[in-house]
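A.B. asks: Build me a model:
(2 chains)
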Amino acid sequence: MPAESQYKSYMVDRKLIDTDPHFTEGCPSCHRGDEKASSREKAHAGFVKKPSMDPGLCGKCHDKIAKTYKDALHFTTAGLRQGVSGRFSAREQKIFDEKVFQQSCRSCHASCGDCHVMSPSIAGVSTGLLKGHQFVAKDDGKTCATCHGGRVYPEFTGDFGGSADIHYQKGMTCLDCHKKAELHGTGVVYTSKTDVKEKPACANCHKPGSEKTEKAKTSHAQHKDRVSCYACHSGGVYTQCTDCHLGKGATPKPGFILGLNPRDKKTVTTLRITPTVRDTFASAGIAMEKYDSVPNYWGTPTHNIKKRTERTRSCQVCHVEKQDFLTRETLIKNGSRANELLLYSPKPIK
Amino acid sequence: MKRTVAGSILLVFLVLFIPLACLARTIEPIVSTDWLAANIDNPRLVIIDIRKVEDYRAGHIPKAVNIFYNTWAVTAGGLRNQLPPIDDLTDIIASAGITPDSQVIIAGNTDIPPNRSGITRIVWTLKYAGLENVAVLDGGWEKWTAQKKPVSTAAVKPKPSNFQPRVNNALSATKEYVMSALGKEVIVDTRDPDFFEGRKKLDFVAKAGRIKGAVNLPAMSAYNQDGTFKSKKELADMAGRAVGTDLQKKIVVYCDTGRLASVWAYLLTDVLGYKNVRMYDGSSEEWMKDPNAPTEP
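C.D. replies: Below you'll find the predicted structure:
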């Protein structure tokens, strides 16, 4: 990006200040500081860079949203805690909550402004204001795509894996499926995204029984409650992150894995490797005493959906060749013993 | 009797030549922004905007349908920029409302090489599917907006057509074809000279260098700085120096993944009139990992 446009991405439009009701009470009403001070230092004393870290501030006007958002997963990041907590003893959980969660995981939580004013900062880099400090209702490509740009967004656009998700092909973006109620919360305190009632589901739009072909109708009926939509309709490889160490991050690589869903061991689905290895939190003094209670794979709603895939074209791919199914041989080395519970071998077609 | 014979001759003529007439070009292979602005209400025109959905939503050429690049070129068999399976490609083309009678204009960004060559890659893909009336918008979105031409934010959702492809395999070359063509046909490397000479390579290409015997005709040499194409004479001179002026000559163009190469695949055939040009879709990504594929230097 040229230096001039970088600079401009942080400039607040004067006309906006004069016309947008958000600015009626002046900049200090949100950012603090002293607008009457005569020096730069004094003017910035007490300056708050991201005022909407306190949703109560936005709640002065947007009270309903602010009230629910403080419990929403994007704000609490409780899902990150939930994902690893099963590996900790009570003593380790306490250390994790104090040393790791507050300092590391919580730094990822999204303030109101991260989605509506300024592109969030990832590894210290932000692309600046979304639109000259306008309060933007949505700009998925600059907000969702920034935090979820490591795996989900590039899968969705086909920049990772090489084929755009059918929904993106049809002109849909994140917020066409992930609605306000899911993102702003409803007041219900969730600890995992999988529990959120308002999360999208394929069947919300693609009603079972409404298929255009008999082949699709039969196939869907046969696999109902036994195979997730992703397992057949995931278009190809997606990001697998491995070998995460506190402060150093994980190593991403492409892969496609099928196995039993750890949360519902009756259903075959697409699995994603969780990057937590045995010594991920060693530097924080956490040995993960219950490491083997939780598998190294989670069921994942891949964002690279296609109408036709190798598996929808031919039953043999799964039922004869058993392609991409997790096996004892392909399990990650030195992984959790719980991984073995996810192995599944498709039965031959009668 | 005479009338019957004449009628039969007329019938044969109609059966044989009218379909060909339908396939003949009725649109220039490169159209200017001024031309498009003047012809935008032509009902036969289908404008395809290949930029990202977010960019399209922020503003696009009026009447343009958005089908992002990664829809048209997919990763398959471990190779980037491959054709989608033919049933998927048929769906994609039909979803844009394209019929054999359509005049299809591909528009996109022309700021950087991958965007420029993405446009020609899709034009080549449409030709592979049997469409002849395809064109590139010269200078693309950047020129359209620089000239302050009308912009719309209303998403266009065309009625899908029942398009059926007429696959033209003569436009593409497999690795086996290229192997058999070595020393017999002109192999054209369309990458920058650093890549052609083996001084640089992309991470995913197994080794530096070129297909043995290839000549260099860089794709980006076909463009002016503003993303428009150079004049037909300039293009002809460049092409002539690299591949000669015999329009019947058999030519195979390639690059690293089959994207850059589409620039000259399209220009050589549709602008300059070369009759036998194939694109090697697998390109260096496939060739360089085969220990039996001859390379140099």
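
A.B. asks: For residue 213, grab the count of nearby residues.
C.D. replies: You didn't pick a chain, so chain A it is. 8 (other C-beta atoms under 10 Å in any protein chain shown). C-beta coordinates here come from the backbone N, C-alpha and C atoms, glycine included.

A.B. asks: meant chain B actually
C.D. replies: With other C-beta under 10 Å as criterion, residue B:213 counts 16.

A.B. asks: Settle this for me: it is touching residue B:183, isn't it.
C.D. replies: Yes: in this structure, residue B:213 is within contact of residue B:183 by C-beta atoms under 8 Å, at 6.3 Å.

A.B. asks: what about the residue of the stretch 101-250 of chain B found nearest chain A, distance to residue A:171?
C.D. replies: Nearest to chain A in the stretch 101-250 of chain B, going by C-beta to the nearest C-beta, is residue B:155, at a distance of 6.0 Å. Residue B:155 sits 6 Å away from residue A:171, going by C-beta to C-beta, to the nearest Å.

A.B. asks: One more: residue A:114?
C.D. replies: Taking C-beta to C-beta as the measure, residue A:114 falls 25 Å from residue A:171.

A.B. asks: do the same with residue B:266
C.D. replies: 26 Å.

A.B. asks: again, but for residue B:127
C.D. replies: From residue B:127 to residue A:171 the distance is 25 Å (C-beta to C-beta).

A.B. asks: got the domain boundaries for the chain?
C.D. replies: Answering for chain A, as no chain was given. A:50-199, A:201-350 (automatic domain parsing).

A.B. asks: my bad, chain B
C.D. replies: B:25-146, B:169-296.

A.B. asks: Mean pLDDT and distance to residue A:142 added to these, as JSON lines?
C.D. replies: Below are those laid out as JSON lines (pLDDT from 0 to 100; distance: least, C-beta to C-beta, whole Å):
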{"stretch": "domain B:25-146", "mean pLDDT": "97", "distance to residue A:142": "8"}
{"stretch": "domain B:169-296", "mean pLDDT": "98", "distance to residue A:142": "24"}
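
A.B. asks: list the contacts for the closest residue to residue B:85 other than its chain neighbours?
C.D. replies: In this structure, residue B:85 finds its nearest non-sequential neighbour in residue A:308, 7.0 Å apart by C-beta to C-beta, 6 or more residues apart in numbering or on different chains. Shown in contact with residue A:308 (C-beta atoms under 8 Å, 6 or more residues apart in numbering or on different chains): B:85, B:87-88.

A.B. asks: Mind checking which of those residues are buried?
C.D. replies: Among the contacts of residue A:308, the ones that count as buried by 16 or more other C-beta atoms under 10 Å in any protein chain shown are B:85, B:88.

A.B. asks: now the contacts of residue A:308 in a markdown table, with distance to residue A:339?
C.D. replies: Below are these laid out as a markdown table (distance: C-beta to C-beta, whole Å):
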| residue | distance to residue A:339 |
| --- | --- |
| B:85 | 34 |
| B:87 | 37 |
| B:88 | 34 |
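
A.B. asks: from the contacts of residue A:308, which is closest to residue B:228?
C.D. replies: residue B:88 (32.0 Å; C-beta to C-beta).

A.B. asks: which residue ranges form the helices in the stretch 151-297 of chain B?
C.D. replies: Here the stretch 151-297 of chain B has its helices, by DSSP state H, counting those that start in this stretch, at B:175-181, B:193-196, B:232-243, B:261-266, B:283-287.

A.B. asks: Now tabulate those helices in TSV and tack on mean neighbour count and distance to chain A.
C.D. replies: Listed next are the helices of the stretch 151-297 of chain B as TSV, based on neighbours: other C-beta atoms under 10 Å in any protein chain shown; distance: least, C-beta to the nearest C-beta, whole Å:
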stretch	mean neighbour count	distance to chain A
helix B:175-181	15	19
helix B:193-196	17	21
helix B:232-243	16	29
helix B:261-266	30	17
helix B:283-287	26	12
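
A.B. asks: Quick one: closest of the ones you listed to residue A:155.
C.D. replies: helix B:283-287 (20.7 Å).

A.B. asks: what's next to the closest one, contact-wise?
C.D. replies: B:79-80, B:175, B:178, B:191, B:201-202, B:204-205, B:210-211, B:254-258, B:261, B:280, B:293, B:295.

A.B. asks: Quick one: residues contacting the residue lying farthest from the centre of chain A.
C.D. replies: In chain A, the residue that sits farthest from the middle, by C-alpha atoms, centre = their mean, is residue A:38; the gap is 44.3 Å. Listed by C-beta under 8 Å, 6+ apart, residue A:38 has no contact partners.

A.B. asks: Now do it against residue A:25, distance only.
C.D. replies: The value you get for residue A:38 to residue A:25, if C-beta to C-beta is used, is 22 Å.

A.B. asks: Mind checking which of the contacts of helix B:283-287 are in strands?
C.D. replies: Per DSSP state E, strands hold the following members of the contacts of helix B:283-287: B:79-80, B:210-211, B:254, B:280, B:295.

A.B. asks: What does residue A:135 show for phi and psi?
C.D. replies: Main-chain torsions, residue A:135, degrees, to the nearest 10: phi -90, psi 100.

A.B. asks: Assign the one residue in the stretch 251-350 of chain A that gets nearest to chain B to helix, strand or coil.
C.D. replies: Using C-beta to the nearest C-beta, the closest approach of the stretch 251-350 of chain A to chain B is made by residue A:308 at 6.2 Å. At residue A:308 the chain is in coil, as set by DSSP: H, G, I helix; E, B strand; the rest coil.

A.B. asks: before we move on, what about the one 10 residues further on?
C.D. replies: Following three-state DSSP, we place residue A:318 in the helix state.

A.B. asks: what's near enough to touch it?
C.D. replies: A:258, A:311, A:325, A:346.

A.B. asks: Residue B:110: which of those residues is nearest?
C.D. replies: residue A:311 (38.2 Å).

A.B. asks: quick one: the helices in the stretch 151-300 of chain A?
C.D. replies: With DSSP H, counting those that start in this stretch as the criterion, the stretch 151-300 of chain A has helices spanning A:152-157, A:166-169, A:174-177, A:180-184, A:202-205, A:214-223, A:229-233.

A.B. asks: Work out the gap between the second one and the centre of the chain.
C.D. replies: What that stands for is helix A:166-169. A distance of 18 Å separates the centroid of the chain from that of helix A:166-169, by C-alpha atoms, centre = their mean, to the nearest Å.
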